[in-house]
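Trainee: Let's see this in three dimensions:
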Amino acid sequence: MLLTTVSRTDSYVQFITVLILFVFVLAITYLVTKWIAGYQKGKAGCGNLEIVETCRITPNKYIQIVRAGTKYLVIAVGKDEVHMLSELSADELRLQEDSVGQMTDFAGIFDRVKKLKEKDKD
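Mentor: Next up, the predicted model:
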């Protein structure tokens, strides 16, 4: 049986090599994920269809307001089916532009939760 001794320098070199490979794999994974998300986002944005608002009723059932062209439709989405409930006019909608801007980053979400907590205390 051959016994081999590994010097400290070899151990450090192996550790640094593994660490560099790990960081490289993480970077490639991050970049590919960003690329795929951008690709899917481009495919999803058709221009004529947009989900305006979604409300969850049960874990797999939702009510959504969808803009199709210039019409707004209220649909019920289940696990295996989609049903149109009604059609809305643009006057019947109350769109909240400020909540969209706040929900893009963690700081906006955190500020919104703090404001809600302060209202509950009052």
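
Trainee: Backbone dihedrals for L85, both of them.
Mentor: Note on L85: backbone dihedrals following degrees, to the nearest 10 are phi -90, psi -50.

Trainee: Kindly report the same for I63.
Mentor: phi -110, psi 130.

Trainee: What degree of burial does it show, as a neighbour count?
Mentor: By other Cβ atoms under 10 Å, 14 other residues sit near I63. C-beta coordinates here come from the backbone N, C-alpha and C atoms, glycine included.

Trainee: and what of V66?
Mentor: 19.

Trainee: which helix of this protein spans the most residues?
Mentor: Looking across the chain with DSSP state H, the single longest helix is helix 8-44.

Trainee: what about that one, distance to the chain center?
Mentor: Taking the mean of its C-alpha atoms, helix 8-44 sits 21 Å from the chain's own mean (Cα atoms, centre = their mean, to the nearest Å).

Trainee: do the same with stretch 111-121
Mentor: With Cα atoms, centre = their mean as the basis, the mean position of stretch 111-121 lies at 24 Å from the chain mean.

Trainee: Pull up the gap between I63 and V18, please.
Mentor: I63 is 51 Å from V18, where distance means Cβ to Cβ, to the nearest Å.

Trainee: Hmm, I typed the wrong one, I wanted R67.
Mentor: Applying Cβ to Cβ, the value for R67 to V18 is 51 Å.

Trainee: the more surrounded of these two?
Mentor: Neighbour count, other Cβ under 10 Å: between R67 and V18, R67 has more, with 16 against 10.

Trainee: Quick check: closest non-adjacent residue to that one.
Mentor: With sequence-adjacent residues excluded and distances taken as Cβ to Cβ, 6 or more residues apart in numbering, R67 is closest to E50, at 4.5 Å.

Trainee: Burial check on the one you found, number of neighbours?
Mentor: Neighbour tally, E50, other Cβ under 10 Å: 14.
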